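J.: Here's my sequence, what's the structure:
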Amino acid sequence: MHGSYLYYLAHAPHDFYVPAKSGRPEGYGGRSPGFAWPPNLHEVPAEEVSRLPFDCVLFQSRRNYLEDQFEILTEVQRQLPRVYLEHDPPREHPTDTRHIVDDPAVVLVHVTAFNDLMWDSGRTPTRVVEHGVTVPDGVRYTGELERGLVVVNGLARRGRRLGADIFARMRQEVPLDLVGMLSEELGGLGEVGHGALPELEVRYRFFFNPIRYTSLGLAVCEAMMLGMPVVGLATTEMPAVVENGVSGFVETSAARLVDRMRDLLADPVLARRLGEGARHAARERFDIRRFAAAWDRVIREVAGRRVTAAAAEPALRGGAA
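T.: Prediction:
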């Protein structure tokens, strides 16, 4: 469902099996190109899933839960321990939307505390596992380009929620480049592979996140880990991640954001200071070992396996279970 998230999820010490179909339709993309997939991430034809033994099932979308499981899983497999990974905040209504999972036997995992707060999860138990990311060794912020960078896939087609109008307005005021799938539709630079993106983005003066209402983007976490100052809208989880004057700037006023961007373009020393603040915050909050350990706990809890912290550490150091 989400290539970047799957890449980081596979850092947990478990074997993950991803169903794929011919033509790679939505939800069945398997090991998509552009990632250095680890050996514990396995792609399997969807028609073979029913013949494989599993410890638990991980859902990531409504269609996974309402349709796909009845097409590719056996009745016995559908009774396995289950986790639903919810990537987004509710869309229908920000506070009164009931989650489709209404089952005390399923654990609903949210990727931000904001999402957990906003969903009505009913009787379904929830956990929050915040993002964990990695960046290449030796790739660090330089910021010599007096431009800002935006990283959003399919921005032209995803409209106001992802901030297409904000991006269009802002780039009339300050120099901005856009990368991501289908970014050419808005005059962007096109898609850049996950492995190649860090070396591109560290040359930009700042990272701009135009998104109004979705989860905290992995691209934001990665940019902070690289030491980039982040500018964005003060909505959803962003105000809890980016601290004004320390790691970047967040505002609900588009006009004030333009002023902040101009400050960064005019003052590379300020940009570098905020970038260092962003990197420090990211290293504290989005460490990949913390993320892998948190997912390890969730999977072991759901599958009914107890493990002490001392026993978990060697597994994390040793790779896939």
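
J.: burial measure for the residue lying closest to Val152 once chain neighbours are set aside, as a count.
T.: Computed as CB to CB, 6 or more residues apart in numbering, the closest residue to Val152 that is not its neighbour in sequence is Gly180, at 5.1 Å. For the C-beta atoms, the positions are set from N, CA and C on the backbone; glycine is no exception. Look at Gly180: counted by other CB atoms under 10 Å, it has 20 neighbours.

J.: From Leu200, how far out is Gly180?
T.: According to CB to CB, to the nearest Å, Gly180 and Leu200 sit 12 Å apart.

J.: who touches both of these two?
T.: Listed contacts common to Gly180 and Leu200 are Val192; contacts here mean CB atoms under 8 Å, 6 or more residues apart in numbering.

J.: Break this structure into its domains for me.
T.: Here the domain assignment for the chain is 3-132+288-318, 145-285, based on automatic domain parsing.

J.: Could you dump these into TSV and include distance to Gly138 and mean pLDDT?
T.: Shown next, in TSV, are the domains of the chain (distance: least, CB to CB, whole Å; pLDDT from 0 to 100):
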stretch	distance to Gly138	mean pLDDT
domain 3-132+288-318	16	90
domain 145-285	10	97
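
J.: just those domains: most buried one?
T.: Most buried of the domains of the chain, by mean neighbour count (mean count of other CB atoms under 10 Å): domain 145-285, with a mean of 19.

J.: quick one: that one to chain centroid distance?
T.: Relative to its chain's centre, domain 145-285 lies at 15 Å (CA atoms, centre = their mean, to the nearest Å).

J.: now do stretch 28-41
T.: Worked out by CA atoms, centre = their mean, stretch 28-41 lies 16 Å from the chain centre.

J.: Can you tell me what sits against that stretch?
T.: With CB under 8 Å, 6+ apart as the criterion, stretch 28-41 contacts 3-4, 6-7, 10-11, 13-16, 18-21, 24, 43, 46, 193-195, 319-321.

J.: Likewise for stretch 53-62?
T.: Stretch 53-62 is contacted by residues 1-2, 16-17, 27, 65, 69, 73, 77-78, 80-85, 87, 100-101, 299, 302-303 when judged by CB under 8 Å, 6+ apart.

J.: What of stretch 232-249?
T.: 89, 112-115, 163, 166, 206-216, 220-221, 224, 229-231, 250-252, 257, 260, 274, 277-278, 280-281, 285.

J.: Just the CA coordinates for it, please, in CSV.
T.: Provided in CSV are the C-alpha atoms of stretch 232-249 (Å, rounded to 0.1, in the frame of the first residue of the first chain):
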residue,chain,number,x,y,z
GLY,A,232,4.7,23.8,6.7
LEU,A,233,1.1,24.2,7.7
ALA,A,234,0.4,24.0,11.5
THR,A,235,-2.2,21.2,11.0
THR,A,236,-2.6,17.6,12.1
GLU,A,237,0.7,16.3,13.7
MET,A,238,3.0,19.0,12.3
PRO,A,239,2.9,21.4,15.3
ALA,A,240,3.9,18.6,17.6
VAL,A,241,7.0,17.8,15.4
VAL,A,242,8.3,21.1,14.0
GLU,A,243,9.1,23.7,16.7
ASN,A,244,9.0,27.4,15.5
GLY,A,245,12.4,29.0,15.5
VAL,A,246,14.1,25.7,16.5
SER,A,247,13.6,23.1,13.7
GLY,A,248,11.6,25.2,11.2
PHE,A,249,8.4,27.1,11.0
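
J.: Please enumerate the strands of the stretch 151-300 of the chain.
T.: Assigned strands in the stretch 151-300 of the chain, in chain order: 176-179, 204-209, 230-233, 248-251 (criterion: DSSP state E, counting those that start in this stretch).

J.: export the ones you listed to TSV and tack on distance to Arg290?
T.: Listed next are the strands of the stretch 151-300 of the chain as TSV, based on distance: least, CB to CB, whole Å:
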stretch	distance to Arg290
strand 176-179	28
strand 204-209	22
strand 230-233	20
strand 248-251	22
